[in-house]
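**Q** Below are the sequence and a predicted model for it; my questions follow.
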Amino acid sequence: MNPKRKQRLLIILGMVFGLGIAVGLVMYALSQNINLFFTPTQIATGTAPNDQFIRVGGMVREGSVSRDPTSLKVAFDVTDFDHNVRVTYTGILPDLFREGQGVVVQGRVHDGLFAATEVLAKHDENYMPPEVTEALRQSGQLDKMMGKN
Amino acid sequence: MAWQWFHQWGSPRWFYERAERWQFWAGWIALVLLVLGTVWGLAIAPVDYQQGHSYRIIYLHVPVAFLAQALYLGMAVAAVVLLVWRMKLADIAIQALAVVGCAFCVLALVSGAIWGKPTWGTYWVWDARLTSMLILAFLYLGIIGLRSAFIDPELAGKACAILALVGAINLPIIKYSVEWWNTLHQPASLKLTERPAMPASMWVPLLLNICAYYAAAVYLLFASMRTLVLRRERRAQWVQALVRAHD
């Protein structure tokens, strides 16, 4: 490579490197704001703002879903296996909503209850045919696998 | 000499002549793999235990999202080549890559939104993965637009190269967004270093489609670059001879 090209290459690499550091620092500073949701532990410990519009993410706790038979009202616990948040919601839930499923709910904390205006299902990276799931469930492997995630 | 092939491929004429065969084969490979992978993925692969049939959109979404990022990476490499070696062909490559990459990026965003509605319950959410992918689309559009903002083509090429290079910082952000932050988008199911998070009956057709879209991108890229070479070199003797031969 001739010296002129080498110099240009060094300038460009320096530019990209410097910019990378700058963006990295900005991202680091913003990292709390970039997170889509708070965890139930953050709510329980008071890290999350009270009475403000926020999102909470976690698993729907097994056996915690209660539906009002006469309306679309539903209540359930969102858990990260350390703390729970009781969520109330009125509306249609996404297809993937079920106990043990990851969800992200949007709303605000009020009197210890989380009043949600939107419930989104969070899908994990695992894809399986139903027969495989059934076989795993019968052998007790499924819980082990899901617990890992 | 190790650099010889590099300078040869940098010659517009050399590229125009050699790329014809590459374009031909890439087109056929894309067509065969696309039919194979798509039929396999949409009709033969098993349904998912939770999402049912709607998961099948990954056979479009994952390949186009990969390509949108890979083509941007290619564009950043071409930008370095243009800025350091002042190679004409690199400028043409940036120009073609911006359009093809933009198309893939928009497809990834739209297919993701269509998948998001039944699966998550929303078309769009401002999480880190979706937002960084939207920024990628804007970068592509910016590079396409920036070129026409200059009268001097050489200046336009340089400006586009700098923007392409600066925007490359977005690529690691897209890739690691699902690991660094809490996002609604799930982490990658296919990784180079780990076993896929799905059975072979699902990932084999996906892999076929990924290869198919890569080949399709090469085809589109070379077709567009060869046209751009002809237009830029329209005053060169070899192009004039080519035109006369076709008359």
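**A** The structure has been received and is ready for your questions.

**Q** a strand runs through residue A:59, doesn't it?
**A** Yes. Checked against DSSP: H, G, I helix; E, B strand; the rest coil, residue A:59 lies within a strand.

**Q** Confirm for me that it is in contact with residue A:100.
**A** Yes. Between residue A:59 and residue A:100 there is a contact at 6.3 Å, judged by C-beta atoms under 8 Å. In this view, the C-beta of every residue, glycine as well, is placed from N, C-alpha and C.

**Q** Looking at the two, which one has more neighbours?
**A** Neighbour totals were compared for residue A:59 and residue A:100, and residue A:59 leads with 21 against 11 (other C-beta atoms under 10 Å in any protein chain shown).

**Q** Please list all residues in contact with that one.
**A** Residues in contact with residue A:59 (C-beta atoms under 8 Å, 6 or more residues apart in numbering or on different chains) are A:78, A:79, A:80, A:81, A:100, A:101, A:102, A:103.

**Q** Name the nearest residue to residue B:163, sequence neighbours excluded.
**A** Nearest residue to residue B:163 in three dimensions, chain neighbours excluded: residue B:143, at 5.5 Å (C-beta to C-beta, 6 or more residues apart in numbering or on different chains).

**Q** about what we covered before: if any of the contacts of residue A:59 are buried, put those into a PyMOL selection.
**A** Applying 16 or more other C-beta atoms under 10 Å in any protein chain shown to the contacts of residue A:59 leaves a buried subset, and the PyMOL line that selects it is:
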select buried, chain A and resi 78+79+80+102+103
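
**Q** Which one of the contacts of residue A:59 is nearest to chain B?
**A** residue A:101 (8.0 Å; C-beta to the nearest C-beta).

**Q** Where does residue B:8 sit: helix, strand or coil?
**A** Under three-state DSSP, residue B:8 comes out as helix.

**Q** What is the neighbour count of it?
**A** As a burial measure, residue B:8 scores 11 neighbours (other C-beta under 10 Å).

**Q** swap in residue B:94?
**A** Neighbours of residue B:94 using other C-beta under 10 Å come to 24.

**Q** got a pLDDT number for it?
**A** Looking at residue B:94, its pLDDT stands at 96.

**Q** Just confirm residue B:115 contacts residue B:56, I think it does.
**A** No. Look at residue B:115 against residue B:56 with C-beta under 8 Å: they stay out of range, at 9.3 Å.

**Q** Could you verify that residue A:120 is part of a helix?
**A** No. Secondary structure of residue A:120 (three-state DSSP): strand, not part of a helix.

**Q** mind listing the helices in the chain by residue range?
**A** All of this refers to chain A. Assignment of helices within chain A using DSSP state H yields the ranges A:3-34, A:40-44, A:130-138, A:141-148.

**Q** You answered for a different chain; I wanted chain B.
**A** B:4-9, B:12-39, B:58-85, B:88-120, B:128-148, B:153-167, B:170-180, B:200-232, B:237-246.

**Q** In contact with residue B:143, which residues?
**A** Here residue B:143 is in contact with B:75, B:94, B:98, B:160, B:163, B:164, B:167 (C-beta under 8 Å, 6+ apart).

**Q** This completes my enquiry, with thanks.
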